[in-house]
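1. Only the shape, not the letters, is given here:
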């Protein structure tokens, strides 16, 4: 059983969601589309059963917790903060796919489909994280599950 994580942080996630919703700066349709996905996923993480999330996101809680908390406990609503969230969410979606052969949330599924499509170009930070999440992380998750 993974260590409890989401139960203690869900109110912070929802508070950050409200801050991001009120203070974001979207400059085009693509940014708005990703912002809406981020807001929907934050709502999901802030309201879904915490024990389920702890299980579904165990690997990413262990490996990207500090970056995720750094965003949701800050006032940052800029592109870099959103990029960190997108990366965390992509990795969560990939973890669900590896562990359960499906992505449990429609917004995570949409984000995963968009970010794995050939149509979008990303800043180098997201690109390298995307490559890690899709190519390297699945094996790490399988190994973690095997060693339990």
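-> Perfect, I can see it now. Owing to the predicted nature of the structure, the values given are computational and were not obtained by experimental measurement.

2. Tell me where the model's unsure across the protein.
-> In the predicted model of the chain, residues 1, 120-130, 132 satisfy pLDDT under 70.

3. Okay, and the residue most central in space within it sits in which element?
-> Centroid-nearest residue in the chain, with CA atoms, centre = their mean: residue 89, separated by 1.6 Å. Using DSSP states H and E, residue 89 sits within helix 79-100.

4. Next, the distance between the ends of stretch 19-36.
-> Separation of the first and last residues of stretch 19-36 by CA to CA, to the nearest Å is 13 Å.

5. swap that for stretch 20-28, please
-> Termini of stretch 20-28 sit 16 Å apart (CA to CA).

6. list the buried ones in that stretch?
-> 20, 24 (16 or more other CB atoms under 10 Å). From N, CA and C alone the C-beta is placed, and that goes for glycine too.

7. how about the spatially closest residue to residue 70 that is not a sequence neighbour, what does it touch?
-> Excluding its sequence neighbours, the residue lying closest to residue 70 (CB to CB, 6 or more residues apart in numbering) is residue 84, at 7.4 Å. Listed by CB atoms under 8 Å, 6 or more residues apart in numbering, the contact partners of residue 84 are 67-68, 70-71.

8. from memory residue 96 sits against residue 56, does it?
-> Yes: counting by CB atoms under 8 Å, residue 96 does reach residue 56; the two are 5.5 Å apart.

9. Could you measure from residue 111 over to residue 44?
-> Distance check for residue 111 against residue 44: by CB to CB, to the nearest Å, it reads 11 Å.

10. Name the residues that touch stretch 96-108?
-> So stretch 96-108 is in contact with 37, 40-41, 44, 48, 56, 89, 92-93, 109, 112, 137-138, 141-142, 145, going by CB under 8 Å, 6+ apart.
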